[in-house]
Structures are given as structure tokens and as C-alpha cells.
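Colleague: Got a predicted structure plus its sequence, pasted below:
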Amino acid sequence: MDLIKKINWLGLAGGVTTLAIVMISFTGASSWWQLAAGQGMIQANISPLSFNSSILGGSFTIPIILFLNLVSQLSLLASAISMLIYSIIPEKGYAKHLLGFAYKKPLIVVIIFLASILIATYFAGMLFNINVPLMGSATLTLSIGEASIEIPVETGFTWVFWLAITASALCLAARFYHKRIVSAPMPISNVTAPPAMASK
């Protein structure tokens, strides 16, 4: 029972959730943010771990993004494994190093992803004079000479993104819960009573 009490359950949940996100990245439901324009004319499914997009039915890839996806996958995989090992043995001498290595990575990946989406939509607005929403729908008006074309656009974050938010929160909470585990008092049953004084 004492061993079970010493497990960092928040870290264990965070490690499992982070590992699940990495596994999901190999499926078709791996997108964190989606964009659809012109009733399928343009589609983009974006996450730090995978990227696929198409224009007029033709898909394309960007090598540098594929490389960054691989780096993110390996980073989160290492974080998940380290967090799982730490959570089971949080009192070992090297456990705090595992925690320090693991707990920040999901949050960093989420922050970089959000910053990238914000920057991309901002520059798209500057270059094409359009307003791409982060969430919701809008109608973009493109001017071609004297003619103008209205294109409906829908964007939004997927459930995988919110799962990543949950993993980040659990791993961060595990860092604060660690202090409670290592400072927990030793059970009374394990404390050896001092020898009784010999009667004179």
C-alpha cells in the first residue's frame, strides 16, 4: 500500500495521455487544427506531429515541416516514457531528473504550435488582405482584377488539441505534486521505536 501511495498519479496520467497523443499522430485523426475553404477546394490538417494539406484535390508536403513533425514526435515520446518511469519511482535519486526532463515538453510543444498558427494566420491576412479565424467560420473576399470571389472558410481546433492541453496540465501538475510525495512523512508502522530503558 505504501508503494501505491508514493506513485505520482498525476504524472502517470500525464505520461499515458502524452503517449496516446504520439500514437494518435500515426492515424488519420491526428490533426490539432483544421482549415477548410471553398467547400473542399483548400484543406489543411495541422499539428506539431503531422501535417497534410490539399489544394483542388492535390496534396502536397513540405520537407522541413515533416522534419519538425518527426522532432516533435520523438520529443513527446521521450517525455511520455520518462514521465511514466518517474511516476512509478518518484523517490529514487534520479527520478527528479526524469521529471525535470519530461514535464515541460508537452507544454512547450503546445505553446510553439499555437504561436505558429497565430503567426501563419496573421501573415496570411497581411499578404492576401484576408482575415482567417482561429475558430469558427468566415467568408473571404478575393479580388481578381475587377472581379471578386467569395470563399467560405471554416477553422477549428480538434479534440486531439484539447487532449494535448490536458496532457500539458497533468504533467505540469505532476511537477508540483512531486514536492508533496517526497515530503510525505514515513508511516508510523515503519518507524522503529527506541529501545526501552533497562529497569534498574
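Modeller: Great, that's in hand.

Colleague: Below-threshold pLDDT in the protein: ranges please.
Modeller: By pLDDT under 70, the low-scoring segments of the chain are 1-5, 57, 60, 128, 144-145, 182-200.

Colleague: Recalculate using a threshold of 90.
Modeller: 1-8, 25-30, 35-45, 50-66, 89-96, 99, 120-155, 175-200 (pLDDT under 90).

Colleague: Can you dump the C-alpha atoms of stretch 146-155 in CSV for me?
Modeller: Listed next in CSV are the C-alpha coordinates belonging to stretch 146-155 (Å, rounded to 0.1, in the frame of the first residue of the first chain):
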residue,chain,number,x,y,z
GLU,A,146,-12.3,43.9,-61.3
ALA,A,147,-14.0,40.7,-60.2
SER,A,148,-14.3,39.4,-56.6
ILE,A,149,-14.8,35.9,-55.3
GLU,A,150,-16.3,35.0,-52.0
ILE,A,151,-14.9,31.8,-50.4
PRO,A,152,-16.4,30.3,-47.2
VAL,A,153,-13.8,29.3,-44.7
GLU,A,154,-14.2,27.1,-41.6
THR,A,155,-11.5,26.5,-39.0
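
Colleague: Remind me what the lengthiest strand in the chain packs against, helices and strands.
Modeller: With secondary structure taken from DSSP state E, the chain has its longest strand at strand 147-157. Strand 147-157 sits against strand 33-37, strand 136-144, with contacts defined as 3 or more Cβ pairs under 8 Å, 6 or more residues apart in numbering; DSSP states H and E. In short, each C-beta sits where N, CA and C put it, glycine included.
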